[in-house]
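A.B. asks: Need the 3D shape of this:
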Amino acid sequence: MARLRLRGAARPPGPFLPAGGPAAPAVPAPHRAAVLACAAAVAPPDWHGPFAAGAWALDLDLFAPGDVRPVWERNRWAELPLLAQAARLDPVAGHLARAEALLADWTARNPAFRGPNWARGQEAALRALHLGLALALLGADHAPPSGARALLALHGRRIAATPAYALAQDNNHTVSEAAGLLACGLLLGDGRWTSQGAVRLEAALGRLVAPDGSFAQVSTGYHRLLLDVLAVTEWLRRRLGGPSLVAIDRAAAATGWLHRLVEPATGALPRLGHQDGSAFADLALAGPDDARPSLERAARLFCGASAGVATEPGCAWLGLPAGPALPAPPAAWAGDGLRGWHVAGARGLLRTGPLRFRPGQADLLHMELWDGPLALLRDGGSGAYNPAPDAAWWHPHFSGTAAHNCIAFDGEDQMPRVGRFLFSRWPAMGALPDGAWLLDWRGRRQARRIRAKDRTWVVEDRIAGPFRQAVLRWRLAPGSWHALPDGAAGPAATLRVSADAPFACTLEQGWESPAYGEVRPLPVLVVRVQPPVTNLTTVIALPTSTLD
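C.D. replies: Okay, here's the model as predicted:
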């Protein structure tokens, strides 16, 4: 069916963009300089990497040649909104000519529905949204040039060709493809695509975003992408008079969820779940490590409020006024898949259930502890989804239990793998008043309770079941740590462990992935115990000077 839907497609001719745009809004001088500098450096990249450019997209092996994720990132047309911004800031510097050349080069080297960049409907959707955003920034979204219309028509066809694949993912694909189809319909005045996209987006939000704002993917990176996609789509919908979305209130709840996790001084997020380094529609040029612009944009669009970044330049480009401040995160909260605590300047997070959607990592009952902007006890990140052969261990390691702050029984992950992104035999999980519990497929049980008072955190792990050895790991922030007989100490904290049976503590070298495709060492406190142990308690003392 997809082959039939994708038959026959001519190369779109230009022009793709208008000759100019309106005057730029007032933005801070550093932001203006950054936009112009980044725009001046834009040039067509290697569009395909190791993948065949002319092969039928749906036949491509997306893993054997290498990692397709960086290839897709380079092909999302993030340069288009950037060059539109630069053209409005400096109309005579040739930025629109550079954008036109970029699109001409892309269309010449990426024949419709061939090569890696047509292999997934989500990639077509993200490109269409970036193109729509650029057209809107230039004031041409109501009447796109002929080349842009032809490009959008191809992208809409690609999204519409494989709806079952998008629905089956139950993740960001489901949302992004519906949003992309809606945007194509609005920009082209195609009522059929507009209606289909709106219906699919309503259904996706109702199914995948819980009333408390939790997303089917317990991943801060993909949660941010969710909000960025929804924000661009909603902004275009309002401009173009699209149908109102009843389920858009889930976007407001999802904004509140992210607000609890963003570190207000730096914009950093915990590396929960898969992290692919996306920074979609990054009008502020904040990059993947600062989520404050994404949060501020979502807060203004979906909550009529501000997340505390009154001068956020991306909102100035979109004409979004600041509102009253979002309420401060509560001292304790719980949602689908996660619960948290805010105590005396520190934040604790616990990865919980219930498991209603497929988990991306074996990270259940993983705990993070942040002291102000410092991620003291941290997640390992993602490494890469398909790294080079000499780094083949990255993906299974970083998605496994050993890369998280939880207990591994007998050196195994919490559930067996059945594919690169799939686990089977999900543990049963349940809530406790101050934590959560799990029971795995072999009958091994862990119950984790967390208490915090002032600058002391206590984590109690009760374990049971048929195991030979249990290993508790605390992945520490890089720094000066020294081993203690019962834990580890450093300037950032002291950790001491006790148990109801003999145990061994060692301070070992582990690994973390601070960004996609990057890996570096970090210290890990490793606690090994054997039956008849039933209880391990970790006391974490934070320095009091942090509050001064």
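
A.B. asks: quick one: stretch 452-468 to chain centroid distance?
C.D. replies: 29 Å (CA atoms, centre = their mean, to the nearest Å).

A.B. asks: Equivalent analysis for stretch 69-85, please.
C.D. replies: That offset, for stretch 69-85, works out to 17 Å (CA atoms, centre = their mean).

A.B. asks: likewise stretch 182-190?
C.D. replies: 26 Å.

A.B. asks: got any ranges where this structure has weak pLDDT?
C.D. replies: Low-confidence segments of the chain, defined by pLDDT under 70: 545-548.

A.B. asks: for the lengthiest helix in it, packing partners?
C.D. replies: If you go by DSSP state H, the chain has its longest helix at helix 220-240. On a contact count with 3 or more CB pairs under 8 Å, 6 or more residues apart in numbering; DSSP states H and E, helix 220-240 meets helix 121-137, helix 172-188, helix 249-261, helix 292-298. In this view, the C-beta of every residue, glycine as well, is placed from N, C-alpha and C.

A.B. asks: Which neighbouring elements make contact with the last one?
C.D. replies: If contacts are counted by 3+ CB pairs under 8 Å, 6+ apart, helix 292-298 sits against helix 220-240, helix 249-261, helix 313-318.

A.B. asks: did I read that right, Leu525 in a helix?
C.D. replies: No: applying DSSP: H, G, I helix; E, B strand; the rest coil, one finds Leu525 to be strand, outside a helix.

A.B. asks: Would you check that it makes contact with Ala477?
C.D. replies: No: if you go by CB atoms under 8 Å, Leu525 and Ala477 don't touch, sitting 11.6 Å apart.

A.B. asks: between these two, which one's more packed in?
C.D. replies: Leu525 (24 against 19; other CB atoms under 10 Å).

A.B. asks: Name the nearest residue to that one, sequence neighbours excluded.
C.D. replies: Trp474 (4.2 Å; CB to CB, 6 or more residues apart in numbering).

A.B. asks: From Leu376, how far out is that neighbour?
C.D. replies: The gap separating Trp474 from Leu376 is 9 Å, by CB to CB, to the nearest Å.

A.B. asks: quick revisit: closest to Arg98 out of the helices and strands packed on helix 292-298?
C.D. replies: helix 313-318 (18.7 Å; CB to CB).

A.B. asks: Could you give the separation of the next helix-or-strand element following the closest one from the chain centroid?
C.D. replies: Downstream of helix 313-318, the next assigned helix or strand under DSSP states H and E is strand 332-335. How far strand 332-335 lies from its chain's middle: 20 Å, per CA atoms, centre = their mean.

A.B. asks: What of stretch 431-445?
C.D. replies: Counting by CA atoms, centre = their mean, stretch 431-445 comes out at 27 Å from the chain centroid.

A.B. asks: Tell me where the stretch 1-150 of the chain has helices.
C.D. replies: Using DSSP state H, counting those that start in this stretch, the helices of the stretch 1-150 of the chain run over 2-5, 29-40, 68-74, 79-89, 95-109, 121-137, 146-161.

A.B. asks: Can you check which of those helices gets nearest to Tyr516?
C.D. replies: Shortest distance between Tyr516 and these, using CB to CB, is found for helix 68-74: 7.1 Å.

A.B. asks: Touching the closest one from outside, list them.
C.D. replies: 45-49, 51, 62, 116-117, 119-120, 123, 276-278, 384-386, 516-517 (CB atoms under 8 Å, 6 or more residues apart in numbering).

A.B. asks: try 6 Å this time
C.D. replies: Pro45, Gly49, Leu62, Pro116, Glu123, Asp276, Tyr385 (CB atoms under 6 Å, 6 or more residues apart in numbering).

A.B. asks: Distance check, the residue nearest to the third one when sequence neighbours are not counted against Gly479.
C.D. replies: Put plainly, it is Leu62. Nearest residue to Leu62, sequence neighbours excluded (CB to CB, 6+ apart): Val68, at 4.7 Å. Note on Val68: its distance to Gly479, by CB to CB, is 36 Å.

A.B. asks: Now Val459: which helix or strand?
C.D. replies: Going by DSSP H and E, Val459 is in strand 456-464.

A.B. asks: go on, Gly510?
C.D. replies: strand 503-512.

A.B. asks: And for that strand, what's in contact with it?
C.D. replies: In contact with strand 503-512 (CB under 6 Å, 6+ apart) are residues 380-381, 475, 483, 486-488, 519, 521-529.

A.B. asks: at 8 Å what do you get?
C.D. replies: For strand 503-512, the external contacting residues (CB under 8 Å, 6+ apart) are 378-381, 397-398, 403, 473, 475, 481-488, 497, 519-529, 533, 536.

A.B. asks: At which residues are the strands of the stretch 401-548 of the chain located?
C.D. replies: Along the stretch 401-548 of the chain, counting by DSSP state E, counting those that start in this stretch, strands occupy 407-409, 417-419, 422-423, 428-432, 435-439, 445-453, 456-464, 470-475, 482-484, 487-490, 493-499, 503-512, 520-529, 535-541.

A.B. asks: just to revisit the earlier point, mind listing what the strand holding Gly510 pairs with, with the direction of each?
C.D. replies: Strand 503-512 pairs in its sheet with strand 520-529 (antiparallel), by DSSP bridges.

A.B. asks: For Ala334, list the residues it contacts.
C.D. replies: Gly340, Thr352, Ala431.

A.B. asks: still on that earlier bit, I'd like the helices and strands packed on helix 292-298 laid out as TSV, including mean neighbour count and distance to Pro81.
C.D. replies: Below are the helices and strands packed on helix 292-298 laid out as TSV (neighbours: other CB atoms under 10 Å; distance: least, CB to CB, whole Å):
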stretch	mean neighbour count	distance to Pro81
helix 220-240	23	9
helix 249-261	21	20
helix 313-318	22	8
